[in-house]
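Peer 1: Coordinates for the following, if possible.
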Amino acid sequence: WRGPGNCCYVVDVGELDVFLGSGSSAAKNPTGKISPGELFGELGSLYECRRTATVVARTKVRLWKLRHVDLTRVMRADAVLNRRAIFNMLREAESFQSLDEKAVSKIADACEHLNFPEGATIIAEGEEGDSMFIVKSGSVLVTQEKGRAEPSKPTPVVSGAPVPRK
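Peer 2: Modelled structure (predicted):
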């Protein structure tokens with residue numbers, strides 16, 4: 001495919017600014033920043049559509065170009081590896097030991113990978129519980145206050161362990 005969004009880029013060195021729109025409709029002030037190690041242009045490449053933003057080098061940059069065909073191949077391989085890792089992690093989790101492979105496979109298919117910065121609140125006491133989280137890497141602190149004279153002591157949870165319910 002040789003259309004406008006036929007590739008994407010990975011920043012090796014330098015900083016770029018993102019402006020929404022193009023030409024006379026482009027925003028005057030940058031709406032985002034792209035730094036080394038970040039990917040941009042992937043939506044145009046994946047969906048074979050026109051670009052929705054203008055990216056301008058703020059400093060001298062060096063980019064790696066990734067063609068549409070290579071991006072889709074890498075993403076397919078990555079999806080297979082991630083799916084396999086999720087399945088294996090679920091199989092080892094105590095909460096899922098009694099489930100057969102088909103059930104664990106369905107759960108693995110429904111899993112979504114999320115990242116949280118340090119200090120972020122993932123769930124809050126009193127919220128409706130419509131999701132379950134499994135810590136893949138890093139750690140979280142679990143606290144409970146409601147209905148107690150004093151808050152509970154934070155409980156650390158490490159990689160691969162489901163967040164305990166109290």
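Peer 1: Helix, strand, or coil at residue 88?
Peer 2: Following DSSP: H, G, I helix; E, B strand; the rest coil, the label given to residue 88 is helix.
Peer 1: I'd like to know how many residues surround it.
Peer 2: Per other Cβ atoms under 10 Å, the neighbour tally for residue 88 reads 12. To be clear about C-beta, it is placed using only N, CA and C from the backbone, and glycine gets the same treatment.
Peer 1: Repeat that for residue 51.
Peer 2: Neighbour tally, residue 51, other Cβ under 10 Å: 15.
Peer 1: Run through this structure and note the low-pLDDT ranges.
Peer 2: Residue ranges of the chain with pLDDT under 70: 1-4, 22-27, 146-166.
Peer 1: Let's check: the centremost residue of it is which one?
Peer 2: residue 114 (4.9 Å; Cα atoms, centre = their mean).
Peer 1: gap between that residue and residue 18?
Peer 2: Look at residue 114 and residue 18: by Cβ to Cβ, to the nearest Å, they are 23 Å apart.
Peer 1: same question, residue 79
Peer 2: In this structure, residue 79 and residue 18 are 26 Å apart, going by Cβ to Cβ.
Peer 1: Ok, residue 58 next?
Peer 2: From residue 58 to residue 18 the distance is 10 Å (Cβ to Cβ).
Peer 1: Check residue 9 too.
Peer 2: 12 Å.
Peer 1: who touches both of these two?
Peer 2: residue 40 (Cβ atoms under 8 Å, 6 or more residues apart in numbering).
Peer 1: if we can go back for a sec, so between residue 79 and residue 18, which is more surrounded?
Peer 2: More neighbours surround residue 18 than the other of residue 79 and residue 18, with 15 against 10 (other Cβ under 10 Å).
Peer 1: hang on, isn't the more buried one packed against residue 38?
Peer 2: No: Residue 18 is beyond contact range of residue 38, at 10.4 Å (criterion: Cβ atoms under 8 Å).
Peer 1: can you give me phi and psi for residue 44?
Peer 2: phi -60, psi -40 (degrees, to the nearest 10).
Peer 1: thought it was touching residue 50?
Peer 2: Yes: using Cβ under 8 Å, residue 44 makes contact with residue 50 at a distance of 6.7 Å.
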